[in-house]
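Asks: Next comes the sequence, and after it the predicted model I'd like to discuss.
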Amino acid sequence: MRVTVEDIMTTEVASVNGSTPFKDIAEVLIAHGVSAVPVVDAENHVLGVVSEADLLCKEEFREAYYAEGYKPPLRARLRHRLSAEGADVRRKAAGNTAAQLMTAPAVTVPATASAVMAARRMDEHGVKRLIVVAEDGTLQGVVSRRDLLKAFVRADADIAHELREDVLKRSLLVETADVSVEVHQGVVTLSGCMDRRSRALLAVRLIARVDGVVDVIDKLQWKHDDT
């Protein structure tokens, strides 16, 4: 019933190793159209992440883009200029390889984690993507904010089928002929009659937690108020 990171992550991920030079990292970012890449060792264990923000600490990178008329957003420039982590910025500014430039440890998530957990971890750490790792710490993929949106871009018919079969019939043992489930653009409307009020309230709560459900309109009635 819950979408996991494995369901939505990107498995074809560009990566670099610790000895990858500064310019090669920049070329990887540009070639793959990404803003960050994981740094891995010879056994594909994730060591850290190197991003555009890390490269912006280095004067050559800024000048290369400024020469083309590009400037990072004002907020990003102020963050680097006023950051309390000045020592870390200076360290990266002097770095020439991925190992010297990267942010470590990387913010990671297991493939078995729910999409909700991944979203919370992104918010907690203020990042736009998470590195997906196996139990041994090896790289499995990357999940981004855009990937998380896939959980909500589901066909109404698929959502309705899951609600009837998984939530009502299997989880709550409800006779679906007595309950109507209509889904329009992710908004679920429940109507019909159930035996107990507590069961009707539980159905609404469970349905609201299903990935892809935007809102629940409760029109259910019940035969016995056991609350």
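Replies: Okay, I see it.

Asks: Could you spell out the sheet neighbours of the helix or strand where residue 219 lies, each with its direction?
Replies: According to DSSP states H and E, residue 219 maps onto strand 215-224. Using DSSP bridges, strand 215-224 pairs in its sheet with strand 187-196 (parallel).

Asks: Next, the angle strand 187-196 makes with the very next helix or strand once past the strand it pairs with.
Replies: Later in the chain than strand 187-196, the nearest helix or strand by DSSP H and E is helix 197-208. For helix 197-208 against strand 187-196, the angle by axes from the mean of the first three to the mean of the last three Cα atoms, to 10 degrees is 160 degrees.

Asks: can I have helix 197-208 written out in CSV, keeping just the CAs?
Replies: What follows is helix 197-208, C-alpha atoms only, in CSV (Å, rounded to 0.1, in the frame of the first residue of the first chain):
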residue,chain,number,x,y,z
ARG,A,197,-18.9,4.1,13.1
SER,A,198,-15.4,3.2,14.4
ARG,A,199,-14.8,1.1,11.3
ALA,A,200,-15.9,4.0,9.0
LEU,A,201,-13.5,6.4,10.7
LEU,A,202,-10.6,3.9,10.4
ALA,A,203,-11.4,3.5,6.7
VAL,A,204,-11.0,7.2,6.2
ARG,A,205,-7.7,7.4,8.0
LEU,A,206,-6.2,4.4,6.2
ILE,A,207,-7.4,5.7,2.8
ALA,A,208,-5.9,9.2,3.5
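
Asks: buried sites along it?
Replies: 197, 199-200, 202-203, 206-207 (16 or more other Cβ atoms under 10 Å). For every residue, glycine as well, the C-beta is placed using N, CA and C.

Asks: Need these in CSV (columns: distance to residue 176).
Replies: As requested, the buried residues of helix 197-208 are exported to CSV (distance: Cβ to Cβ, whole Å):
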residue, distance to residue 176
197, 19
199, 13
200, 14
202, 15
203, 11
206, 14
207, 13
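
Asks: I'd like the residues you listed laid out as JSON lines, including pLDDT.
Replies: What follows is those, written out as JSON lines (pLDDT from 0 to 100):
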{"residue": "197", "pLDDT": "93"}
{"residue": "199", "pLDDT": "91"}
{"residue": "200", "pLDDT": "93"}
{"residue": "202", "pLDDT": "94"}
{"residue": "203", "pLDDT": "93"}
{"residue": "206", "pLDDT": "92"}
{"residue": "207", "pLDDT": "93"}
